[in-house]
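Colleague: need coordinates for the following:
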Amino acid sequence: MESVESNDTVVFIIAFTLLVILSVLFVGIIYVYQKRMHLKQIESFNAILEAHESEQERIAKDLHDQINPTLSIIKAQIECINTEKPDETDIQIKSDVIEQLQHAINDVRNIAHNLIPSSFNQDGFIKSVEYYILRIKEYNKINTVFSTSEWNTKIGKNNEITIYRIIQELFQNTIKHAHASLAELKINCDEKSVNIYYFDNGIGFDTNTIKKGIGLNNIESRVNLFGGNTTIYSNKNEGVSIKIELQIKNLFYER
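Modeller: Numbering: from 1, shown residues only. Alright, predicted model coming up:
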């Protein structure tokens, strides 16, 4: 009798051990599968970013090297027109055309700069942000304030460019919609997170009723790619405050 009970105990222990081993193997297989899927997502994400930035760089180069010189030549030719007896209408038309061409030249220059910052490869993320904000202040007459902690976070160029695009969208929303005179940007980072704080003193909006435009949707979609959070505080005539939190562990590192 004791022998039978002993055998049953041995069988139970063996069965339990096998069950534990199979469970561990199953969990291990699931972990490896999820890890491989995550790596594939990282590769796909980086490939999309690289293709996107490469295309933007090509467009910027075409705008700068082809369209901008052509507009400049047309502007110069019109300025050289010498009619013997131009009337007031002719003079006004020439002046209007030159003015519109100058606006077009400025627009092309701004588009080219916004597509791919020429300073990015040479000066890095923070200097590129500083240069961009300086142009905002110069061309849009908005007082800008920028502060940051030391940028020593190693997240890769693709991620830095994506964060740069988020910052661009923040300022462009202010320029296009806010009627603001002040915009403030603060970036804090450490080994675990990158936090972006943005404020403008514009007309604001009711966050409960407003329909999000392309700019805010672009910001949130980019933040979501990093598994981050976007919090927007605003009321009519009280400006806009935006907080963006990105966890370093969720960022896709370049290899």
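Colleague: tell me where the stretch 101-250 of the chain has helices.
Modeller: With DSSP state H, counting those that start in this stretch as the criterion, the stretch 101-250 of the chain has helices at 120-140, 157-173, 214-225.
Colleague: quick check: angle from the second one to helix 120-140?
Modeller: Okay, so that is helix 157-173. For helix 157-173 against helix 120-140, the angle by axes from the mean of the first three to the mean of the last three CA atoms, to 10 degrees is 0 degrees.
Colleague: got it, and the shortest one?
Modeller: Relative orientation of helix 214-225 and helix 120-140, computed by the same axes, to 10 degrees: 150 degrees.
Colleague: if we can go back for a sec, so which of the helices of the stretch 101-250 of the chain is nearest A76?
Modeller: Using CB to CB as the measure, helix 120-140 is the one of the helices of the stretch 101-250 of the chain that comes nearest A76, at 22.8 Å. Placement of C-beta: from N, CA and C, glycine included.
Colleague: what does the closest one rub up against?
Modeller: Contacts to helix 120-140, defined as CB atoms under 8 Å, 6 or more residues apart in numbering, come from residues 106, 110, 113, 117, 119, 142-144, 146, 148, 151, 157, 160-161, 163-164, 167-168, 171, 175, 183, 185, 187.
Colleague: any quick PyMOL command for the buried ones out of those?
Modeller: In PyMOL, this line selects whichever of these come out buried by 16 or more other CB atoms under 10 Å:
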select buried, resi 113+117+142+144+146+151+160+161+163+164+167+168+171+175+183+185+187
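Colleague: thinking again about what came up before, need the helices of the stretch 101-250 of the chain in TSV (columns: mean pLDDT and distance to I242).
Modeller: Shown next, in TSV, are these (pLDDT from 0 to 100; distance: least, CB to CB, whole Å):
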stretch	mean pLDDT	distance to I242
helix 120-140	84	16
helix 157-173	87	7
helix 214-225	79	8
